[in-house]
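Give me a model of this one.
(one chain, ligands or ions: 2)
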Amino acid sequence: MKKLGFGLMRLPLIDEKSKEVNIEKFKELVDYYMSKGYNYFDTAHTYLNGNSEKSIKEVLVSRYPRDSFYLASKLPIFNLEKEEDMEKIFNEQLDRCGVKYFDYYMLHNLSTKHYQKCINFNAFNFIEKMKNEGKIKHIGISCHDSPDFLDEILEQHPEIEFVQLQINYLDWNDKIIQSKGIYEVSCKYNKPIIIMEGLKGGALANLPEKAKNIIQEYDRDNSIVSWSFRYNLSLNNILVILSGMNKMEDLIENINIFESFSPLNKNDYSMLNKVSKSITDDIEIKCTGCEYCINHCSQLIDIPKFFNLYNSQKLLDQSHSIGMYYRNYITKNNKKASDCIKCGKCIDYCPQKINIPKELEKVVKVFE
Ligand code: SF4
Ligand code: SF4
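Ligands and ions are numbered 1, 2, ... in the order given. Modelled structure (predicted):
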């Protein structure tokens with residue numbers, strides 16, 4: 001399989017509010033992508049309020065032979081209320097997409113918080129059963145959690161065939177995202193990796209001026225975006241790298257980068273380290289992600305994760321994708337920054353002396 005995957009979370013839209021997809025524009029993108037020999041598509045039940053799955057039926061499934069493309073989707077375990085919902089949603093997904101099987105199917109955003117629900121609902125057994133019935137070719141998970149959590153899952157569930165993870169050069173050593181750690185765990189279990197957020201929701205295409213200058217002083221011939229893709233393409237064990245491409249110029253540029261790929265050398269890595277450092281040096285809330293505060297918060301607010309998202313948003317100006325991640329995933333069934341009751345108990349435990357409740361107000365203002 002060619003390694004540029006078509007992510008279907010951000011598609012050309014007719015209407016931002018209703019998330020209605022611009023089918024004609026989407027067709028042009030798919031036709032060009034397929035004509036160049038690329039054929040991996042990644043959707044999910046939740047993307048674009050369900051319009052992502054519906055539009056792939058119209059644009060791809062009804063126009064191309066089923067064996068000419070790979071289609072991946074995901075079970076929104078975080079949205080389900082009872083065990084029977086799994087089969088109901090799964091059948092709805094097959095129907096929406098107009099297919100009899102998914103090539104790749106994942107438990108969506110598996111995390112510490114939802115793992116117990118997966119156990120209670122027998123979610124791993126369910127996807128395995130669908131595989132045995134020929135309705136899924138390969139079963140996997142998408143995960144934004146820690147290396148330790150991923151290790152536990154892969155040890156307990158050898159039936160999982162692949163993982164979808166957030167990996168990019170800025171998050172490689174990030175204390176919250178821990179791309180390096182989750183990559184190494186996946187390699188330890190020899191699980192092929194599908195990379196998501198390789199451009200950090202588009203943020204690595206729009207770097208702050210200082211970071212951009214470091215790249216351009218080093219090399220003016222290659223685009224800013226190419227460094228992110230080359231970084232990920234230089235890793236081993238990668239099945240496919242997703243990119244949400246809703247403009248023809250982005251699609252053409254991405255394909256050119258993948259076609260002319262050459263692995264990074266030592267100097268390239270050192271330049272990208274400087275870029276990451278320049279970005280992280282400028283962060284607004286100096287939270288190190290130590291988590292000392294968390295155990296002392298009666299409201300169970302995930303303080304470091306919220307600060308990490310806020311910093312990314314401020315630095316990289318990507319309100320759309322980061323805000324969506326905040327609202328749709330990490331706070332959907334959990335506490336939000338606005339649940340802070342300003343008791344101040346956490347402050348004494350923060351080695352960085354951050355006024356946590358005050359900084360959480362900024363998170364509320366930006367994301368809620
Ligand atoms: S001030 Fe807010 S974040 Fe800190 S412990 Fe109290 S409720 Fe939790
Ligand atoms: S204690 Fe301070 S530095 Fe550590 S995670 Fe909490 S806010 Fe961040």
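
how much space between the residue of the stretch 51-200 of the chain found nearest ligand 1 and ligand 2?
Nearest to ligand 1 in the stretch 51-200 of the chain, going by Cβ to the nearest ligand atom, is residue 176, at a distance of 16.5 Å. (Each C-beta comes from the backbone N, C-alpha and C, glycine too.) Going from residue 176 to ligand 2 by Cβ to the nearest ligand atom, to the nearest Å gives 9 Å.

go on, residue 242?
Taking Cβ to the nearest ligand atom, one finds residue 242 at 29 Å from ligand 2.

For that residue, list each beta-bridge partner.
When assigned by DSSP bridges, residue 242 has beta-bridge partners residue 5.

Give the full set of residues in contact with it.
Counting by Cβ atoms under 8 Å, 6 or more residues apart in numbering, residue 242 touches 5, 6, 7, 42, 164, 194, 195, 196, 198.

before we move on, what SS does the nearest residue to the fourth one once chain neighbours are set aside have?
What it means is residue 42. Nearest residue to residue 42 in three dimensions, chain neighbours excluded: residue 72, at 4.6 Å (Cβ to Cβ, 6 or more residues apart in numbering). With DSSP: H, G, I helix; E, B strand; the rest coil as the basis, residue 72 sits in strand.

mind checking how far residue 72 is from residue 154?
19 Å (Cβ to Cβ, to the nearest Å).

residues making contact with stretch 348-367?
By Cβ under 8 Å, 6+ apart, the surrounding residues in contact with stretch 348-367 are 285-288, 290, 292-293, 295-296, 301, 303, 306-307, 309-310, 313-314, 319, 322-323, 326-327, 336-338, 340, 342-344, 346-347.

of the residues you listed, list those near ligand 2.
With the criterion set as Cβ under 6 Å from any ligand atom, the members of these near ligand 2 are 287, 288, 290, 292, 293, 303.

who wins for most neighbours among those residues?
Per-residue neighbour counts (other Cβ atoms under 10 Å) across those peak at residue 303, which has 29 neighbours.

my guess is it contacts residue 296, does it?
No. Judged on Cβ atoms under 8 Å, residue 303 makes no contact with residue 296 at a distance of 9.9 Å.

shared neighbours of those two, anything?
When contacts are counted by Cβ under 8 Å, 6+ apart, residue 303 and residue 296 have residue 346 as shared neighbours.

How about residue 183: what's its closest non-neighbour residue?
Closest to residue 183 by Cβ to Cβ, 6+ apart is residue 167, at 5.8 Å.

Any figure for the gap between the one you found and residue 77?
Separation of residue 167 from residue 77 (Cβ to Cβ): 22 Å.

What residues of stretch 37-49 count as buried?
By 16 or more other Cβ atoms under 10 Å, the buried positions in stretch 37-49 come out as 38, 39, 40, 41, 42, 43, 44, 45, 46, 47, 48.

For that stretch, output the C-alpha coordinates as PDB.
Taking C-alpha atoms only, stretch 37-49 is exported to PDB below (Å, rounded to 0.1, in the frame of the first residue of the first chain):
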ATOM      1  CA  GLY A  37      -2.200   4.900  -7.100                       C
ATOM      2  CA  TYR A  38      -3.100   5.900  -3.600                       C
ATOM      3  CA  ASN A  39      -6.100   4.100  -2.000                       C
ATOM      4  CA  TYR A  40      -6.400   4.200   1.800                       C
ATOM      5  CA  PHE A  41      -9.400   6.100   3.300                       C
ATOM      6  CA  ASP A  42      -9.900   6.700   7.000                       C
ATOM      7  CA  THR A  43     -13.300   7.700   8.400                       C
ATOM      8  CA  ALA A  44     -15.200   7.400  11.700                       C
ATOM      9  CA  HIS A  45     -18.800   7.300  12.900                       C
ATOM     10  CA  THR A  46     -18.400  10.700  14.600                       C
ATOM     11  CA  TYR A  47     -16.600  12.600  11.700                       C
ATOM     12  CA  LEU A  48     -18.600  15.500  10.400                       C
ATOM     13  CA  ASN A  49     -21.700  14.400  12.300                       C
END
